[in-house]
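**Q** Next input, structure requested:
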Amino acid sequence: MPEGRLIKRKITRSRRLNKLPLECRYLMREFILWGDREGRLVADPHWVNREFFCGDTDNYTDEQVKDYLQMLHDSREIELYEVDGKQYLWVPEFEGEQGKELEKPNSGIKTNDLKVATMIKAYEDEAHRTLTPHDVDILKDFADNYPDSWFERALSDYPGKPLNYLGKVMENWRANEQERPPTLSRDTRESRTQKLRESTEK
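**A** Below you'll find the model as predicted:
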């Protein structure tokens, strides 16, 4: 995490944010200061209470902090989500508020599986972070167990979310037939494979 962060004046002038309690406005500034390079942070109410209200349970209960988080979520200042039963938050406009756009990373991981290679590139471009060999193993599992279009659709619907989160999305699609995205046609799959092959040969 960098030593400094930008908090622009429009944060203090936001009508949407200023309609919320003072505690919500305070938390919003703290989330910008202490989120990771993608604007993500633990959102467990007890943890947030301890870290940002110093565990002042005489004035702020965990339930109150939970309400503040929900207010920020409902007003679209943050997005709350869960991974493996743990709560997290994301500040959607974080990247745009921190100056220059993050460079697109390249893990340099090589694979002969064009489907997995496509998934690696798509995720690294969208999430702005390099993947580890363990992450690639997760993608290989996705490639073996889900149709070609599902990962792309999950990444489009939930950009930048952790791979485990995207996995749960696809698992839910498999369990609920009516919610499944359409499967790519054979022509589309072959066209994308050819484009990837050509890009790797340049």
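**Q** from here on, contacts and neighbour counts on C-alpha atoms
**A** OK.
**Q** Show me the shaky parts of this structure.
**A** Residue ranges of the chain with pLDDT under 70: 1-13, 94-112, 178, 181-202.
**Q** need the strands for it, in chain order.
**A** Residue ranges of the strands in the chain, as given by DSSP state E, are 40-42, 79-83, 86-90.
**Q** which parts of the second one are buried?
**A** Which is strand 79-83. Neighbour-count burial for strand 79-83 flags 79-81 (criterion: 16 or more other Cα atoms under 10 Å).
**Q** Look at Ser75 and say how many residues are nearby.
**A** 14 (other Cα atoms under 10 Å).
**Q** Most distant residue from the centre of this protein?
**A** Distance from the C-alpha centroid of the chain peaks at Asp58, with 33.8 Å (Cα atoms, centre = their mean).
**Q** State the phi and psi torsions of it.
**A** Backbone torsions for Asp58, taken as degrees, to the nearest 10, come to phi -70, psi -30.
**Q** Might you report the residue contacts of it?
**A** If you count contacts by Cα atoms under 8 Å, 6 or more residues apart in numbering, Asp58 has none.
**Q** how far away is the nearest residue to Pro21 once chain neighbours are set aside from Phe52?
**A** The shortest distance from Pro21 to any non-neighbouring residue, by Cα to Cα, 6 or more residues apart in numbering, is to Tyr68 (8.0 Å). To Phe52, Tyr68 is 12 Å away according to Cα to Cα, to the nearest Å.
**Q** Neighbour count: those two, which is higher?
**A** When Tyr68 and Phe52 are compared for neighbours, Tyr68 comes out ahead with 20 against 13, by other Cα under 10 Å.
**Q** Do I have it right that the more buried one meets Arg25?
**A** No - using Cα atoms under 8 Å, Tyr68 is not in contact with Arg25; the gap is 9.5 Å.
**Q** State the distance from the residue nearest to Pro21 to Ala43.
**A** 11 Å.
**Q** Which residues belonging to stretch 25-42 are considered buried?
**A** In terms of neighbour count (16+ other Cα under 10 Å), stretch 25-42 has its buried residues at 25, 27-28, 31-33, 35, 37-42.
**Q** what separates Cys24 from Leu72, distance-wise?
**A** On the measure of Cα to Cα, Cys24 and Leu72 end up 7 Å apart.
**Q** and what of Trp47?
**A** From Trp47 to Leu72 the distance is 17 Å (Cα to Cα).
**Q** what do you get for Leu131?
**A** 30 Å.
**Q** Tell me who's in contact with the residue nearest the centre of the chain.
**A** Closest residue to the average C-alpha location of the chain: Lys161 at 2.8 Å, with Cα atoms, centre = their mean. Lys161 sits next to 127, 155 when contact means Cα under 8 Å, 6+ apart.
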